[in-house]
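J.: Quick one, what's the 3D model for this:
(2 chains)
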Amino acid sequence: MLDIQIERSYSRISIYRSSTMPKRKLNPLPAAAFQILLSLADEDLHGYGIMRQVEQQTNGRMRLGPGTLYSSIQALVEEKLIEEVDRKADAVGDSERRRYYRLTLSGRKLARVEAERLADLLRVARAKKILRGEYV
Amino acid sequence: MSDRVFALLVRLYPAAFRRKYQQEALQLYRDRLRDERGLVRRIALYRDLLLDAAVGVPLAWRNSYGEATSARIAADASGMPTFHMLEREPLKPGSVIVGCVFSIMALVAFGLVMRLPAPHRFSNGNQALSPVEAVLDRINRVVSAPTGEAGNGDTTTVNGQSSQAPASSRAESRKTTGTDERLTERQQEQVIQGVSKNLAAHYFDRQRAEAAVEKLRALKKQGAYAEIADAPALAERLTADIRNVTGDMHLNVAYSRSVIQNAAPARPSTADILQYRAMLARENCSIEVAEVLPGNIGYLKFNAFPEMSVCGASLRKAIAQVNSTRAVIFDLRDNTGGFPETVAQVAAPLFDHTVAWYTPRNARSATTLHPVPSSTLAKIPVYILTSSRTLSGAEQFTYDLKMLKRATIVGETTGGGGHVGTFHRVNEHFGIGIPETKIANPYGKPDWDGVGVEPDVKVKAANALDTAEKMAAKQIQR
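T.: Residues are numbered from 1 along each chain as shown, chains lettered A, B, ... in the order given. Okay, the predicted model is just below:
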């Protein structure tokens, strides 16, 4: 309860924060956020598209629900790691206007840093003989 | 799970989140509902949704949703400054408590500051008060020396007997820095010179003034004042000597520890007058008792003769209360005087014809009293109770009614205080009260000045009322 209070008051003043502030919410980068960043690496997607893409790139292991998906998207947008793009849903069939998301430059950089971190982790795991060589 | 249940689930998320994503989340839910059919897949979907809520709600609450706000500011910033309400919620209890605590602290601090004595003398030596000092001075005076004489109108004069009362106490509060009360020989010489000069210049009886001046000079030569280095003692001694020679008890040399202003003291301030009036109202205009005693004897105990403009109504009401009695007793045993005008007004209903009225205090006040129509008091016996505390205006009332043979005086010889002289400044700390005009006494006998009014029936003041009551009862029966 108290934590939430503190969080809320913190987030209130965050309007005035500059981008140099530490990325508290995304540090460490949650798995869902990382997967969203990766899903946007090739093309711009809307929410449902991201969900499907993530499902696909994790072989169905991660299926983002609406809450996690949009909360993560919002966090990423606030940290300017992805950005919204308005695009008419033309050939898809539904007349609705959907928000698409695009990876920003800093988002791409962060994804690479995270991937490198994981690669380092992987190397260590391999060195410790936890992983066998064929996986990487 | 219907859309409604999903909508309920969505309500767990912050409002900003819902505003932005509810539609899309619902859309996504419907898409999955459409794509994932079959009981097992449906159950998996619902499990996913619940797990998603468990993870997503905290995540959603951690976001600031600040972008919408900053976007709005950017949109509005078209050269005009705009304001946005950042908080739409009511004040939190914590804020209210903090506000209360600070308010109370501020009040307490203010109270403490107000309790500190106000410094009422900023510069020494300079006698002219700045406006601020004048106000502080007045506040200090009102707080420290509330005196009934304040609004008396007597500020330009000093009472012969009790000279230290208003002027000096007032002046005292003006400068409390202890002045050395020891006098050098030169200062003493200066005082005696000043007193002599004022006597010669202002006293109405030139011959007696010269005699007094002569006497002072002789005493000085004899060295009678040589040992008196103490200022108050010198004032007392000079007063005694001057009175001795002139036989005039109105003459009075006064010493004031504080500086006596060169100019005539200002008229009493509005604040003083208001305070005096408030005090009068509190004390019912000094009317202690107004009642009818057994045997239909009216009894009025007046402890002063206050200003008519303030207490006229109260006095008339008190007198009206005894209007149908068969005798009236004026109890002046605790009356220390007041306004000559009031004395005359109280006495007037006692006569059914015009009489000569003696007012030594004030040359300008009435010298005749005119009867009050329909006053039934004019025909009944009047008794006046006196004590040694009866003074000034009360003595005038007693003396005049006695001379006019209108009243029977019961009690003790009055205090013998009384006349007022004009106050003259001798130097910074000495002054002298001198009667400047001789007011003719229509009754052809010396007044009470310095000797008091002798009662017709001499009894102890404490027994005066009993005696007067008995006398009145006897008189009525006759």
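
J.: ok, which residues in chain B are in contact with chain A?
T.: B:13, B:17, B:20-21, B:24-29, B:31, B:48-49, B:51-53, B:55-57, B:59-67, B:69-70, B:86 (Cβ under 8 Å from any Cβ of the partner chain). C-betas here are computed from N, CA, C, even on glycine.

J.: Can you flag the buried ones in those residues?
T.: Among the residues of chain B next to chain A, those classed as buried by 16 or more other Cβ atoms under 10 Å in any protein chain shown are B:13, B:17, B:20-21, B:24-25, B:27-29, B:31, B:48-49, B:52-53, B:55-57, B:59-67.

J.: By residue count, what's the longest helix in chain A?
T.: Secondary structure of chain A read by DSSP state H shows that its longest helix is helix A:105-127.

J.: And for it, what's in contact with it?
T.: Applying Cβ atoms under 8 Å, 6 or more residues apart in numbering or on different chains, the contact partners of helix A:105-127 are A:26, A:29, A:34, A:37-38, A:40-41, A:76, A:80-82, A:103, A:131-133, A:136.

J.: Tell me which of those residues fall in strands.
T.: A:82, A:103 (DSSP state E).

J.: Make sure residue A:65 is actually in contact with residue B:56.
T.: Yes: counting by Cβ atoms under 8 Å, residue A:65 touches residue B:56, with 6.3 Å between them.

J.: Tell me which residue of chain B is positioned farthest from its centroid.
T.: residue B:38 (95.7 Å; Cα atoms, centre = their mean).

J.: Can you tell me how far that one is from residue B:45?
T.: 10 Å (Cβ to Cβ, to the nearest Å).

J.: Please apply the same query to residue A:85.
T.: Residue A:85 is 29 Å from residue B:45, by Cβ to Cβ.

J.: neighbour count winner among those two?
T.: residue B:45 (20 against 12; other Cβ atoms under 10 Å in any protein chain shown).

J.: residue contacts, the closest residue to that one other than its chain neighbours?
T.: Sequence neighbours aside, residue B:36 is the residue nearest to residue B:45 in space, at 5.2 Å (criterion: Cβ to Cβ, 6 or more residues apart in numbering or on different chains). Contacts for residue B:36 (Cβ under 8 Å, 6+ apart) come out as B:42, B:44, B:45.

J.: Using CSV, lay out those together with secondary structure.
T.: Below are the contacts of residue B:36 laid out as CSV (DSSP: H, G, I helix; E, B strand; the rest coil):
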residue, secondary structure
B:42, helix
B:44, helix
B:45, helix
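
J.: and of those, the nearest to residue B:451?
T.: Looking at the contacts of residue B:36 and their distance to residue B:451, the nearest is residue B:45, at 120.8 Å (Cβ to Cβ).

J.: That closest one touches residue B:33, doesn't it?
T.: Yes: counting by Cβ under 8 Å, residue B:33 is a contact partner of residue B:45 at 7.2 Å.

J.: Provide the secondary structure category for residue A:85.
T.: strand.

J.: Residue B:373 now?
T.: Taking three-state DSSP as the rule, one finds residue B:373 in the coil state.

J.: got it, and residue B:424?
T.: Residue B:424 - assigned by three-state DSSP - is strand.

J.: how much space between it and chain A?
T.: For residue B:424, the distance to chain A (Cβ to the nearest Cβ, to the nearest Å) stands at 77 Å.

J.: Report how many residues lie close to that residue.
T.: 20.

J.: got it, and residue A:129?
T.: 8.

J.: so who does residue B:371 touch?
T.: Counting by Cβ under 8 Å, 6+ apart, residue B:371 has contacts B:348, B:349, B:351, B:352, B:353, B:354, B:378.

J.: Give the buried subset of those residues as a PyMOL selection command.
T.: PyMOL command restricting the contacts of residue B:371 to the buried ones, with burial defined by 16+ other Cβ under 10 Å:
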select buried, chain B and resi 348+349+351+378
